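**Q** 3D model of this:
(one chain, ligands or ions: 2)
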Amino acid sequence: MENKNKPKSVTVYQSDQRLEIEWADGHVSSYPLEGLRRNCPCVICQGGHEHMGKGPDRSLFFGEPEREWEILEIDKIGNHAIRIHWDDGHKNGMYRWDRLRAMCPCQECYPEQGGDF
Ligand SMILES: [Zn+2]
Ligand SMILES: [Zn+2]
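**A** Ligands and ions are numbered 1, 2, ... in the order given. Predicted coordinates:
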C-alpha cells in the first residue's frame, strides 16, 4: 500500500499542459495543469483552515482551462511531497504523493468522468 504511492518519475509536458507521474507500481497519472493548480492543497487555495480536511476535487481536471499554466520549478519535500512553483507566483501548495495518487484523473481511477471527456 505504502509503496505504490511513490513516484518513479515526474515529467512536465508544458505544451500539452499536463504533468505526468509514473508510480512505483507502473501506473501512470496525467494531470491537466489547470486542475492541478486549482487543486492546490494549501490553506489559501482551500479557502481556510476549516476546509483543509476535504479531499481533492477531480472534476476540476475536466473543465475548460481558463489559461495556460507554466510550472517553473518542482521542489521535493522529503520523501512524501512536492512543492510546485506556478507561473502566477504561487508556491505554497505541498502536494503529497498519496494525495496526488488519490486524485489521479484516469478512467481507471476515476470512472465517474464518464464519456464527456
Ligand atoms: Zn495554494
Ligand atoms: Zn489512475
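**Q** Return the residues of the chain in contact with ligand 1.
**A** 40, 42, 45, 92-93 (CB under 5 Å from the ion). Quick note: C-beta positions are derived from backbone N, CA and C, even for glycine.
**Q** Try it again at 6 Å.
**A** Residues of the chain lying near ligand 1 by CB under 6 Å from the ion: 40, 42, 44-45, 90, 92-93.
**Q** Which members of those residues are classed as buried?
**A** Neighbour-count burial (16 or more other CB atoms under 10 Å) is assigned, among the residues of the chain next to ligand 1, to 40, 93.
**Q** Tell me how many other residues surround F61.
**A** 25 (other CB atoms under 10 Å).
**Q** Tell me how far it lies from W86.
**A** To W86, F61 is 16 Å away according to CB to CB, to the nearest Å.
**Q** same question, A24
**A** Noted for A24: a distance of 26 Å to W86, by CB to CB.
**Q** neighbour-wise, which of the two wins?
**A** Counted by other CB under 10 Å, A24 and W86 do not tie: W86 has more neighbours, with 18 against 13.
**Q** what sits against the more buried one?
**A** By CB atoms under 8 Å, 6 or more residues apart in numbering, the contact list for W86 reads 37, 69-72.
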